[in-house]
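Undergrad: Got a sequence here, can you build the structure:
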Amino acid sequence: MNIKFPVVVALTITAISSFSVLANNASGEEQWQVVEEGQATSSSASKPTSQQNSSQSSRSSGSRSSNSGFKVGMGLDQGLSIVGQINNRINFAVGNDGVAADYIFSRGQFGGDVPFSWFAGVGGQIQRSDKFGPRVALGVELPFARSWDAYAQLTPNLMFNNSDLKLGIGAGIGVRYSF
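TA: Residues are numbered from 1 along each chain as shown. Next comes the predicted model:
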């Protein structure tokens, strides 16, 4: 049986996403109410309980943070890659062309109504055919749905290959789900 790596990765991510959606829906705790700003709720609605308040506050910030601190998804970094993030500090990519990991040392928000946040980090990568070296990660993240975010980054790097040293720049994009 000769199954290609990207097919296995895609099936795994699909299964994980499906199970997490089922688990979230099985609890039955979520109750959504749409209220426009400045508009009062209907008279039949009662004051939300503290459990509902915490649920609403976690829902409003749920796309920006995760419960376990672990995100996983698909992207293009080291070729087609499984990408992830651990504790909002370590970004990693395992792909067809190699492995990379970055320690995120700085994060921030753009001013105004810009939904993106930025990050900067340092790390390293190992590519096929014995190439390896340090890199800098400069990127942006966009939470776009509950527990989902997208990112894009540029990665200036130095690559050592036998006795050669080459300066280069890479790029990465991806989508991740927070567990």
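Undergrad: mind listing the strands for the chain?
TA: 70-77, 79-86, 90-95, 98-109, 117-127, 131-145, 148-161, 164-178 (DSSP state E).
Undergrad: How many neighbouring residues does the closest residue to A152 other than its chain neighbours have?
TA: Excluding the flanking residues, the one nearest A152 by CB to CB, 6 or more residues apart in numbering is I173, at 4.8 Å. All C-beta atoms are positioned from the backbone trio N, CA, C, and that covers glycine. Residues lying near I173 (other CB atoms under 10 Å) number 14.
Undergrad: If I look at I173, what pLDDT would I see?
TA: pLDDT recorded at I173 is 96.
Undergrad: for N161, same thing?
TA: So, for N161, pLDDT stands at 85.
Undergrad: ok, it - contacts?
TA: Going by CB atoms under 8 Å, 6 or more residues apart in numbering, N161 touches 129-131.
Undergrad: hmm, try it at 7 Å
TA: 130-131 (CB atoms under 7 Å, 6 or more residues apart in numbering).
Undergrad: now F132
TA: 124-126, 160.
Undergrad: Tell me what it is bridged to.
TA: Beta-bridge partners for F132, by DSSP bridges, are I126, F160.
Undergrad: what about it, distance to L165?
TA: 11 Å (CB to CB, to the nearest Å).
Undergrad: now do Q78
TA: 20 Å.
Undergrad: what's the least confident helix or strand in this structure, going by average pLDDT?
TA: For the chain, the helix or strand with the lowest mean confidence is helix 50-61, at a mean of 41 (criterion: mean pLDDT, DSSP states H and E).
Undergrad: Count residues in the vicinity of the residue lying closest to A93 once chain neighbours are set aside, would you?
TA: Nearest residue to A93, sequence neighbours excluded (CB to CB, 6+ apart): D77, at 3.7 Å. Residues contacting D77 under the criterion other CB under 10 Å number 28.
Undergrad: what residues are up against D77?
TA: By CB under 7 Å, 6+ apart, the neighbours of D77 are 83, 93, 95, 100, 172, 174.
Undergrad: Relative to L76, how far out is the fifth one?
TA: Plainly put, G172 is 6 Å away from L76 if you go by CB to CB.
Undergrad: ok, these two, which is more surrounded?
TA: Counted by other CB under 10 Å, G172 and L76 do not tie: G172 has more neighbours, with 22 against 18.
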